[in-house]
Every structure is written in C-alpha cells, then in structure tokens.
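Colleague: here is the input, now give the coordinates:
(chains A and B)
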2 protein chains.
Amino acid sequence: MARIVMKFGGTSVGDIARIKNVALRVKAEVDRGNQVAVVVSAMSGVTNQLVAYCTEMATLHDAREYDAVVATGEQVTSGLLAIGLQELGIQARSWAGWQIPIISDDAHGKARIEDIKGDEIIKGMEQGHVAVVAGFQGVAPGNRVSTLGRGGSDTTAVALAAALKADRCDIYTDVDGVYTTDPRIVKAAKKLDKITYEEMLESASLGAKVLQTRSVEMAMKHHVRVQVLSSFSDAPGTLVCDEDEIVEKALVSGIAYSRDEAKVTLIGVQDQPGIAAAIFGPLADANINVDMIVQNTSHDGTTDMTFTTPRADLERALKVVKDNMKVPYKSIDTDKGVVKVSVIGVGMRSHAGVAQTMFKALAEKKINIHIISTSEIKVSVLISEEYTELALRALHTAYGLDAA
Amino acid sequence: MARIVMKFGGTSVGDIARIKNVALRVKAEVDRGNQVAVVVSAMSGVTNQLVAYCTEMATLHDAREYDAVVATGEQVTSGLLAIGLQELGIQARSWAGWQIPIISDDAHGKARIEDIKGDEIIKGMEQGHVAVVAGFQGVAPGNRVSTLGRGGSDTTAVALAAALKADRCDIYTDVDGVYTTDPRIVKAAKKLDKITYEEMLESASLGAKVLQTRSVEMAMKHHVRVQVLSSFSDAPGTLVCDEDEIVEKALVSGIAYSRDEAKVTLIGVQDQPGIAAAIFGPLADANINVDMIVQNTSHDGTTDMTFTTPRADLERALKVVKDNMKVPYKSIDTDKGVVKVSVIGVGMRSHAGVAQTMFKALAEKKINIHIISTSEIKVSVLISEEYTELALRALHTAYGLDAA
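Modeller: As a prediction, the model looks like this:
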C-alpha cells in the first residue's frame, strides 16, 4: 500500500467525459490498495474566461478579487470529480483551499503556500476516502481566497504530497513524461525513466514546460518523488527524484531551449570599475530579469556589455538602461531573433569536456555562439533563432541521446 | 442617510456590460450618502450550466458536491462587481457565504439560513465600504458550502438586510414592480406602489413569480421593507411592507393565477368517517402537495371528493391514491386543463361581499367554477384553463383595478 497524490491538469479535465475518465484512473489507483488524494485544475478554457472577465471589468484590478473569481474554476472541477468518484462507489469529497486549509501568504495572484493542515485529509484517507482538492488556490490572511499563479496546481499537488507524507506525487498531463529534448523538433528524442530534481529544475527554468519551476523546487526541498505521466495513455512516465535513486547517471540528460530571449548590447561603454552595477542595478530595481551577461575585453578604454532579458521585457529594459545610464557609451544594439539552448546533466559535475562537446558540435554546423553561460549542471549558449532545430538535433546526437 | 441592501438577479448581471451598469446603480446609491451592501446572483445561464455538469456526472449526485459546484457562479459575479465598483472609485470587496459567514443548516441544495454574522460588514459600511455578497449560498455544519435553492438570492438579500438592520432591501429584477395582475394578459394592469407582506406572500404562493415565497416570509418575520424594481429603468418600484405603512388599503390589491394545477375527482366514495384522512394521509406521506379540497354532500351513502395537486405530481398522486385507497369508490377522474385564479387583498378581512363580486363577474362571462377555496385575505377558484384571460380581465374590471 502506498499513499499517492494524483494531479490532473486542465486538458485532462477538459470536459465531463474526461472528468469521468479521470475518475476511472483514480478508481484504478484505489483498487490497487493505495490511499489517494487528487488535485485538479480548472476545466481547460475556464481560467482564461474568468481572467478575461476580470480584465474586461477593469484593466488594473484588485488581485484579491481576481483571486476570488479565478479560483472558482478549480472548485467546480473538484466537486464534479467527487461526484464522479461517488458514482463509481468510491467515498470522496471535494476540498477548496480554505476548507483544508491551504494557508498562503497574501501575495494575491502569485501567492506562496505557507502551510497545509493535512490532518483531516489523512484521517479520511486512512478510512478509504479520496480527497479531491481544488488546485491553484489557498486562503490568505484575512480569510481571503488566494491563487498561486499559473501552473499553481502542480505546486498544490507537490505541497499536498509533502504535507500528507505521500510516497509519490503523480502529475498527469498531456505529455507522457520528460524527454531528452522536444520530440516535436527532434524525432530521436527519448522519454527519460528518471531525472533528478536539479536537472528538472534547470529544464523548467530553461524553457521546458512540463513542470512549473516552483513545484520542482518544492519537491526537491521536501524530497517528494514526482512522476510526470499522460492521462491519455497507460505508459509509465518519468520520475523526478533524488540523485541517489538514479543508478546510471547520464552525463547529459537532456537539451532544453527557450525562444523567450532578447539580447541587448551596449557598445563602447567606458571601462571603469562599477559599470556592471551601474547597468544592472536599475534593471533589478525595475524588476527586469537579466539572464546571461558577458563583458568583452577592453579595447582603448571601452568595452562591449551584452545581456539577455525575456523578450516581453525588452522595451522596458531599454528604457531603464537609457534613463539611468551614468557611464558614457556609444550605442545600444538589440536582437530579438535569438534562442537559448542548454545541455543539462548532473553527470557534468564529475566530467570535464562536456562544454567542449557542445561547442564542437555547433561549430561543425557553422552555428555562431553569441553568449555562453554555465552552471554546475548545465551549459547554455545563445544562438540565432533560425538555427534552433539544427542545433538541437546536432547536440542530441553529439551527447549520444538519440534513441536506438 | 439610509442603510440599503441592493439585490441584482441573473438577468441584471447577465454579462460584463450589465455588471458595469449595476456598478453605476450602486455608485448612485452611495453618492446619495447611503450605506450599501449588494447581493448578486450568478450571471444568467451560469447556474443552469453548472447544474447540467452535475447531472451529466451522475443523475443522483451528492447534494454537498452539487452545492460546492453550483455556488461558484455567485462568487464569480461578486468578485467582478467588486472590481467594477473599485474602478468607479468605490471601496468594495466581495464576500462568499463562508467568509461572512452566512450560517445555514445542512439541508444541502435547499438550505435555510440560520444566522448571519454581519459585524464585519457593518463595520465596513460605516467606513464607506460596499460589501458585495454572493447570494444563494451559505456555510453548513462541517464547513461545507450550501445553497439555498432556486431564487435563494432573494432570501440572502432579505436575511442580510435583517442582519444589517437595513432600512430597505431593494430587489432589482427584470420587471419594474408588482402589478395588479399579469400585464402580459391584462393591458389595464397597474403597478402597485405598496403591497403588504401577506398579500405578496399569497401572490407568490399563488403563482406570481416576482419574489420567492421564502424571502417574503423572512421579510415579514423581520419587518424588512422590500422594494421590487427594475434594473433596466429608473422608475420607482413596488414596496412590500407592513400593513401600517399603507394608508389607503385596497379591498383587492391584485389577481393572481397559476396554470400549474391538476384536478383529481374520486367519484362515488363510500361516505364514512375518516375518508379524508384515508385519502390525504398517504398523499402527505408521499410528499405530494394537495391544495384545494372539496367534498360534495352525500347521496345514497356515497360522495364525490375533489382535490388539486401540482401538475407535475399528478401521475404520482394517482398511483398513491389507487395503491392506498381502503375506502370503496367507483372511479377516478382527472383534469389537467384547469387554472387557479385568486383575488388577494388584506382589505377583505373587514369587508363582506368580496367573494360575491368574484362569483358574479365569472357568472356573467359564463365561466364555470370547479372548486372554491378561501383564506382571510384571498379567494381562489379553479376554472377551465381556456377561460384564464377572460376571467383575469373580468375580475380586474370588477374590482376596479383597471388603470384610468
């Protein structure tokens, strides 16, 4: 007997027929003798509709009211699934965030879970009851409904699994696991059986959309074993777990890419101490995320400084730099046609030459690297967007990831 | 300065434009210097959709889960209206039933309000805040969401007005008040300025759909002055109030009708003590409502017994009577083509001859009366449905109700 939290996203509960299908999947888990809690998202399209209503009422709206409106989508699904489970003879009840309660901070619209009082749910599970929990929501100080931000239902599931001391958190989605790279681009991409939290975290923050970054952070912190699998097939998924659980560690487990990048180059900046602080301080104050940074060697007392920001923030970033730049510079160049490609693997820690394989593979395809950035378990390069597919396929082959 | 509860039904909040219109109406009341709380229904169509979802999941569904699902409609509207009010510069917040709390019993799907803790809302009102309350819902024992049944938002509004000691409860709807009779049938129908609780209660239970019976009962019990008015016009509505507030009491204030009637006649019942109990006991046990009853004088030791039930219950009523009838009888006759027409007025209490006017007016039009039933403030007759319009017009004229 295991204790399992199952999470179903919006597509998996997209209509009544699919919610009935989810009920059957939950029943199968119960029939295996497991204790089960379920976390559900809103039916697909519902959250967008509710968000649109709020925006139509007022462009700038009170985040507390937004939360009160938007959180209803998950409440509907949880009630409907509870009905569906009861119809299959399973004892079940729905739980809204405030009923458990899932206590969050008051950062409405992107609240963080602070505590989950899981006692009642555990008591129910021990008597064979299935708890159907509305994802994406909590209750903030002052008894107001909060939401956790997009993808928040994953976080609810992982946090609930931690609170219930669950053996596993199964995230059912519309893909059947985590792949070595995007299978829509690289036909030879393979599904991974296991991946470490660290790798998953890098993948998530580097553009892979399978799991929300915050949910992986939480899983890592609480050692929650997370399985990503498809609600439309019976194939086993990918387990996200501690490194110890993975016997054969690959040097590189996957290749991620993100098109959400823009490059800014300040040309001819007067080279003097403190120029980085002068440029990036105001950007940080304006809450603009700066990712990769490179500063060239100085010529004639001037240097070029290049950095990347999310594409949506480019215009704002330019304005901040121009308004605050106290150090003389010649001009600013921008480029929206770039993509960040990253190779990720915990095996890198103990192996030299991983980056070199990347540079060599890209050079062979005549792909120019704009910026390089590395961490303990990943190497990222910024390249021109037109080379995305070519680079992914070349790297997938170079690291020996192609399916046999 | 007055303290006012305003209630807007589903049509009044049917889309974003209409919710914005409601926000303007609320603002106008605030601008007049009044303290305001608002009760809202779900956007029209939403509740039906949510009910349909529950029914699609399972024909027989857990009423607690049904409530959790269906109550979300009002939560959406309350959040949206709060946003709309804030956009107009008014301090406002939404309140779900559990947040206030509106404490109900556990008769899920048709719960009764037991208590409303209005302290926080009153405190807010005194500081100029508008409370936007989700109608139709409460919180039942065990912290479960409950709903009050169809039309329950009227009840929420009246109960809230009682709890807040409001000076008036304005029910905005798609008609602009209470009329002497159905203006779609009788062109000469007039809008009433005032009507007593008792008359309104009789009207509601006799087929007029303007206010929910339970909300009128509650208004009468707590002396809440209720105004019915249109959210689409600026005309004054009809005030439902204590008799003392009405200076000129009309003999008859209105004429109601109900097509939801079916007539059952037991012919040749052996006349012996206890036959009424023998017939109506089993019907009561089966939860079938019996309205009008008439027993003819006995001939040759047998009598005819006639009664009415709601049309939807006719088949079930017949089965109950046939299965349980211990007293010998000859046959059963049924008639679905009947309508109940009622004249209502508190003035009747002190005046004789009111019924006679009715009988005479109907006789003049050669309309045959099947059954008569009277109370202190109403006279009802059952007639063939085909005469409905003719009877309404004749009675409207006979009681001097025609508009000048």
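
Colleague: starting at the chain centroid, how far to the lengthiest strand in chain A?
Modeller: Taking DSSP state E as the criterion, chain A has its longest strand at strand A:254-270. Chain-centre distance of strand A:254-270: 21 Å, with Cα atoms, centre = their mean, to the nearest Å.

Colleague: and that strand, what does it pack onto?
Modeller: Strand A:254-270 is packed against helix A:197-205, helix A:275-285, strand A:302-309, helix A:314-324, strand A:331-344, helix A:388-398, with contacts defined by 3 or more Cβ pairs under 8 Å, 6 or more residues apart in numbering or on different chains; DSSP states H and E. The C-beta positions use only the backbone N, C-alpha and C, and glycine is treated the same way.

Colleague: deepest of the ones you listed, which one?
Modeller: Highest mean neighbour count of these: helix A:197-205, a mean of 24 (counted as mean count of other Cβ atoms under 10 Å in any protein chain shown).

Colleague: centre of the chain to that helix, how far?
Modeller: In terms of Cα atoms, centre = their mean, the centre of helix A:197-205 is set 8 Å apart from its chain centre.

Colleague: residue contacts, the closest residue in space to residue A:116 that isn't next to it in sequence?
Modeller: Take residue A:116 and drop its neighbours on the chain: the residue closest to it by Cβ to Cβ, 6 or more residues apart in numbering or on different chains is residue A:163, 3.8 Å away. Residues in contact with residue A:163 (Cβ atoms under 8 Å, 6 or more residues apart in numbering or on different chains) are A:115-118.

Colleague: output the helices and strands packed on strand A:254-270 as a markdown table; include the columns mean pLDDT and distance to residue A:103.
Modeller: Output for those, formatted as a markdown table (pLDDT from 0 to 100; distance: least, Cβ to Cβ, whole Å):
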| stretch | mean pLDDT | distance to residue A:103 |
| --- | --- | --- |
| helix A:197-205 | 87 | 24 |
| helix A:275-285 | 89 | 30 |
| strand A:302-309 | 92 | 34 |
| helix A:314-324 | 92 | 34 |
| strand A:331-344 | 94 | 34 |
| helix A:388-398 | 96 | 42 |
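
Colleague: so for chain B, which of the ones you listed sits nearest?
Modeller: helix A:314-324 (24.9 Å; Cβ to the nearest Cβ).

Colleague: give me the low-pLDDT residue ranges for the stretch 151-300 of chain A?
Modeller: A:207-208 (pLDDT under 70).

Colleague: ranges for the helices of it?
Modeller: Ranges of helices in the stretch 151-300 of chain A, per DSSP state H, counting those that start in this stretch, are A:152-163, A:197-205, A:213-222, A:275-285.

Colleague: look up how far residue A:197 lies from the residue nearest to residue A:116.
Modeller: 18 Å (Cβ to Cβ, to the nearest Å).

Colleague: can you check residue A:137 too?
Modeller: Note on residue A:137: its distance to residue A:197, by Cβ to Cβ, is 25 Å.

Colleague: near chain B, which residues of chain A show up?
Modeller: A:16, A:19-20, A:50, A:53-54, A:56-58, A:61-62, A:64-66, A:68-69, A:72-73, A:75-76, A:78-80, A:82-84, A:86-87, A:93-94, A:96, A:98-99, A:143-145 (Cβ under 8 Å from any Cβ of the partner chain).
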